[in-house]
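**Q** Need a 3D model of the sequence below.
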Amino acid sequence: LQVSDVFDPRENIDGGARYLRYLLDIYNQDTVLALAAYNAGPERVNNYRGVPPFPETRSYVQKVLQVYHRLKNALASKR
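**A** Got it, this is the predicted structure:
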């Protein structure tokens, strides 16, 4: 992901964003599967053919989607 210094916030965020884009492409823009793969790894998502039954992963996906929808709605209401 071309991140030479994981402690550099800009590089870390850029690498994470590129990785998420890669996962979205692999999972045909399925945000839930991409987020699950970001947290648990693509191998586990593929093995379970969906979101793995790990409490941490399920919680992560739910929390990220809640924040995403809240920010998306806040942006839409400002337009």
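**Q** Relative to V45, how far out is L35?
**A** Using Cβ to Cβ, to the nearest Å, we find L35 at a distance of 10 Å from V45. (Glycine included, C-beta is placed from N, CA and C.)
**Q** quick one: stretch 62-71 to chain centroid distance?
**A** For stretch 62-71, the separation from the chain centroid amounts to 11 Å (computed by Cα atoms, centre = their mean, to the nearest Å).
**Q** Can you classify the residue nearest to N12 when sequence neighbours are not counted by secondary structure?
**A** For N12, the nearest residue in space outside its immediate sequence neighbours is V6; the separation is 5.6 Å by Cβ to Cβ, 6 or more residues apart in numbering. Reducing the assignment at V6 to three states with DSSP: H, G, I helix; E, B strand; the rest coil gives coil.
**Q** Find me the pLDDT at V6, would you?
**A** Per-residue confidence at V6 stands at 93 (pLDDT).
**Q** wait, L35 sits on L65?
**A** Yes: proximity of L35 to L65 meets the contact threshold set by Cβ atoms under 8 Å, at 7.2 Å.
**Q** So which of these two has more stuff around it?
**A** Neighbours were tallied for L35 and for L65 using other Cβ atoms under 10 Å; the higher tally belongs to L35 (24 against 13).
**Q** Can you pull the phi and psi angles for the more buried one?
**A** Comment: the main-chain dihedrals of L35 come out as phi -70, psi -40, following degrees, to the nearest 10.
**Q** same thing with K78?
**A** The phi/psi pair for K78 (degrees, to the nearest 10) reads phi -80, psi -10.
**Q** How much space separates it from K72?
**A** From K78 over to K72 (counting by Cβ to Cβ), the distance is 11 Å.
**Q** quick one: which of those two has more around it?
**A** Neighbour tally, K78 and K72, criterion other Cβ under 10 Å: the higher count belongs to K72, 10 against 6.
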